[in-house]
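Asks: Provide a 3D model corresponding to the input given below.
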Amino acid sequence: MISVIDYGAGNIQSILNALDDLNVEYKVTGNEQVIYNSDKIIFPGVGEASFAMRKLHLSNLSTMLRVTKKPLLGICLGMQLLSEKSEEGDTCCLGIIPADCLKYNAANVKVPHMGWNKVSLIKGNILFDGIENETHFYFANSFYIPVCDYTIATTDYDIKFTSALQKDNFYGVQFHPEKSGEPGIKLLKNFIEKC
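Replies: Numbering: from 1, shown residues only. Predicted structure coming up:
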């Protein structure tokens, strides 16, 4: 069973629709014990970092997420919260990925970064099995994690940034696979079946 973490960070219906299409068993929950007992964790998020971290602390999920050995997929804000710190609200995050989450320079590009953009694979990873290099995925983000040791794919938007990462059992994608058509569904399927 897959736990989709419900911590009040945005609309998760599109993720649930994608999981329904894949015919997988899931539970939307903010319950620590249910998440701990699940096979895999999807950590979605659309919203503001400090609000999201406050909700994770209040529901006692922040410590459990830091130490879980279950495969976890952070999506958009869910990936950003894996970092050490976010410039959004000067927020201390989960500290799983040793990098900070930065804001795009609005003097150089339109913020937020919205729409389809190319994802360039820099390391082979089972998350992208059967997905061609430089496939377009759908983004909606104002903040980004710079390229770091755990980056497995990059995207260019003013600068080259991390669009997917992996550290141990923690996976993250800055784009929204659930809004990215067939390649996004394939990526979710890879996470569910192979990670």
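Asks: Could I have the CA atoms of the longest helix anywhere in the chain written out in PDB?
Replies: Secondary structure of the chain read by DSSP state H shows that its longest helix is helix 181-194. What follows is helix 181-194, C-alpha atoms only, in PDB (Å, rounded to 0.1, in the frame of the first residue of the first chain):
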ATOM      1  CA  GLY A 181       0.900  12.900 -19.600                       C
ATOM      2  CA  GLU A 182       2.200   9.500 -20.500                       C
ATOM      3  CA  PRO A 183       5.900  10.100 -19.500                       C
ATOM      4  CA  GLY A 184       4.700  11.200 -16.000                       C
ATOM      5  CA  ILE A 185       2.500   8.200 -15.600                       C
ATOM      6  CA  LYS A 186       5.400   6.000 -16.600                       C
ATOM      7  CA  LEU A 187       7.600   7.700 -14.000                       C
ATOM      8  CA  LEU A 188       5.000   7.100 -11.300                       C
ATOM      9  CA  LYS A 189       4.700   3.500 -12.400                       C
ATOM     10  CA  ASN A 190       8.500   3.000 -12.200                       C
ATOM     11  CA  PHE A 191       8.500   4.400  -8.700                       C
ATOM     12  CA  ILE A 192       5.700   2.100  -7.600                       C
ATOM     13  CA  GLU A 193       7.100  -1.000  -9.300                       C
ATOM     14  CA  LYS A 194      10.900  -0.700  -9.200                       C
END
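Asks: residues of that helix that come out buried?
Replies: 183-192 (16 or more other C-beta atoms under 10 Å). Any C-beta I mention is one placed from the backbone N, CA and C, and that applies to glycine too.
Asks: Of these, which is the nearest to Lys69?
Replies: Phe191 (15.7 Å; C-beta to C-beta).
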